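A.B. asks: could you work out the structure for the sequence below:
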Amino acid sequence: MHCTFTRPDHFTFTDFTNLIPCCDVGIGRQIHAEIVKFGWYSDVFVCTNLLRMYEDAGEIENANKMFDEMPTRDLVSWNALFFGYSKLGMGEISLNLFHQFIRDGFQADEFTYAIMLNELASLLRVFEARQVHSLIIQSGFCYDRFTDNALMNLYSKCGFVASASRLLEEMPVQDVVSWTVMIVGLSQSAHEEDAMSFILSACASTNAFERGRKFHGLVMMFGFETDVVVGSAIVDMYLKCGEMNDALKVFRSMPETDIVSCNTMICGYAQNGEAMKALDLFHEMLQMAIVPNHGTFIGVLTACSTMVLVNEGCFYFFDMIHRYSIKPTPEHYTCTVDILARGELLEEAESLILALPFKADSVVWGALLGACRLHGNTNMARRIAECLYVDEPGNSSNYVLLANAYTATGEWNNALEVREVMSAAGAEKMIGCSWIEIHNCVHCFVAGDKNDLQIGLVYEVLHRLCLQMEEGYEIMIKN
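C.D. replies: Below is the predicted model:
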């Protein structure tokens, strides 16, 4: 280009500056000189790449000088400077620059907040962190994965375990980074028991039974099995993996039983179809003078729903309100509606929903809608579904439940009509997903997925299994 006396333009230097990270800093300086020579020093994108070059070379003073001389700055250039100081451990300077950034009227993004929160975490500055947290909420980044992980890291490192735990629970998507941040932060703040309970919760959430069992062995090795929090987490892990006997064994071996461990066991029994055992444990808990809370009654009402114990369910619901002065939550009302609906008291269930102190959502109505299918009441099902269509037109569950109600009574044309309305509304049914643990690795797969490279082999094995099942089999009972 020099030989042909061709003058470089904006795109030329954009391409060159994109290559700067791959070059020696000496070459970068030459490119910098050419940029000044041809008058492209005012381009914010070109200057930001030069700034990053000096930061990568450890020349933070030149990077800062570069930033100060920029005629215009944008969010990307500010983030590049923040990151440069952060990378070199100059957190105080980075925080001071952030204050200037706010004063100049710039709006931070998720990357800005993540950098600042990590700096505040390293400096253990909780008061300023809470101010930044309020800015995050005001800016609408409160459910962003980057900022949530940074906030969890800060709160857990500073010993605010409850705040970190609440953030994790409220995250719309929990990934491996989220769990790792939480566990590492708790470990570094000397909350070993809480860290172990979160590891066990992660195993329970992914149904990784073998990993959970191995970690249980480590817990016993290090002597943490007597801790109530860790013990309850082990019980919860076994229950969610369907290992009822192991869960009960750990529960009975705990030196101390509290409301958390009892609730874990009661809810686990109820969710695994062991309703009577859940109710028996509830009465045992009362005999031990342990006062139930709202979580206890969710498990108890779920158990009554499973067994269709209408009288008992209504008794426990009113006992919760009048004897224990517990204000019912939407979960309690949903369980009670489900109890009435399963017991064929559909009108009573609808009356309860209409009398709720809050506007019922699709979860509450869905309990009644599902029972309409079970008992063949398509008139009520249609009335409920049409109301839900208005409030939640994109919720596929409402359409599917009504279509299933028609299918159960043989009204195929009506079922097809509902499917067509669902398609026209743009509501897509959530794809069924399953997972299985093989050789200590959890594999996830979805219904109808044909992208797997071994899909032909999978269907071949399934076909052989179907043929063998058609031939008949003998049940093997272990001694």
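
A.B. asks: can you classify the residue nearest to Tyr324 when sequence neighbours are not counted as helix, strand or coil?
C.D. replies: Beyond its immediate neighbours in the sequence, the residue positioned closest to Tyr324 (CB to CB, 6 or more residues apart in numbering) is Pro292, lying 6.3 Å away. Every residue, glycine included, has its C-beta placed from N, CA and C. Here Pro292 is recorded as coil under DSSP: H, G, I helix; E, B strand; the rest coil.

A.B. asks: can you check the pLDDT for Pro292?
C.D. replies: You'll see Pro292 listed with a pLDDT of 94.

A.B. asks: stretch 248-256: which residues count as buried?
C.D. replies: Leu248, Val250, Phe251, Met254 (16 or more other CB atoms under 10 Å).

A.B. asks: surely the second one touches Ala233?
C.D. replies: Going back to what we said before, that points to Val250. No. With contact taken as CB atoms under 8 Å, Val250 and Ala233 are classed as non-touching, separated by 9.9 Å.

A.B. asks: follow-up on the earlier one: among the buried residues of stretch 248-256, which two are most distant?
C.D. replies: By the measure CB to CB, these have their two most distant members at Leu248 and Met254, which lie 10.9 Å apart.

A.B. asks: give me the number of residues near Leu467?
C.D. replies: By other CB atoms under 10 Å, 9 other residues sit near Leu467.

A.B. asks: host element of it?
C.D. replies: For Leu467, the host element (DSSP states H and E) is helix 455-471.

A.B. asks: for that helix, what is the average pLDDT?
C.D. replies: Across helix 455-471, pLDDT averages out at 77.

A.B. asks: what do you get for stretch 181-193?
C.D. replies: Confidence over stretch 181-193 (mean pLDDT, whole number) is 62.

A.B. asks: which stretches of the stretch 301-450 of the chain have low pLDDT?
C.D. replies: Low-confidence segments of the stretch 301-450 of the chain, defined by pLDDT under 70, are located at 389-395, 398, 421, 424-450.

A.B. asks: surely Lys327 is in a helix?
C.D. replies: No. Counting by three-state DSSP, one finds Lys327 to be coil, located in no helix.

A.B. asks: what number of residues are in the vicinity of it?
C.D. replies: Lys327: 9 surrounding residues under other CB under 10 Å.

A.B. asks: and the nearest residue to it once chain neighbours are set aside, how many neighbours?
C.D. replies: Setting aside the residues directly before and after it, Lys327 is nearest to Ile321 in space (CB to CB, 6+ apart), at 7.6 Å. As a burial measure, the neighbour count of Ile321 was computed by other CB under 10 Å and equals 14.

A.B. asks: check which residues of whichever strand or helix holds Ile321 are buried.
C.D. replies: According to DSSP H and E, Ile321 maps onto helix 310-322. Neighbour counts using 16+ other CB under 10 Å place Val310, Glu312, Gly313, Cys314, Tyr316, Phe317, Met320 of helix 310-322 among the buried residues.

A.B. asks: could you dump those residues into TSV and include distance to Phe146?
C.D. replies: Converted to TSV, these look like this (distance: CB to CB, whole Å):
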residue	distance to Phe146
Val310	48
Glu312	48
Gly313	44
Cys314	47
Tyr316	44
Phe317	42
Met320	41
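
A.B. asks: ok, of those residues, which one's closest to Leu123?
C.D. replies: Proximity to Leu123 was ranked across the buried residues of helix 310-322 by CB to CB; first place goes to Met320, at 46.1 Å.

A.B. asks: what residues are up against that closest one?
C.D. replies: When contacts are counted by CB atoms under 8 Å, 6 or more residues apart in numbering, Met320 touches Pro292, His294, Phe297, Ile326, Pro328, His332.
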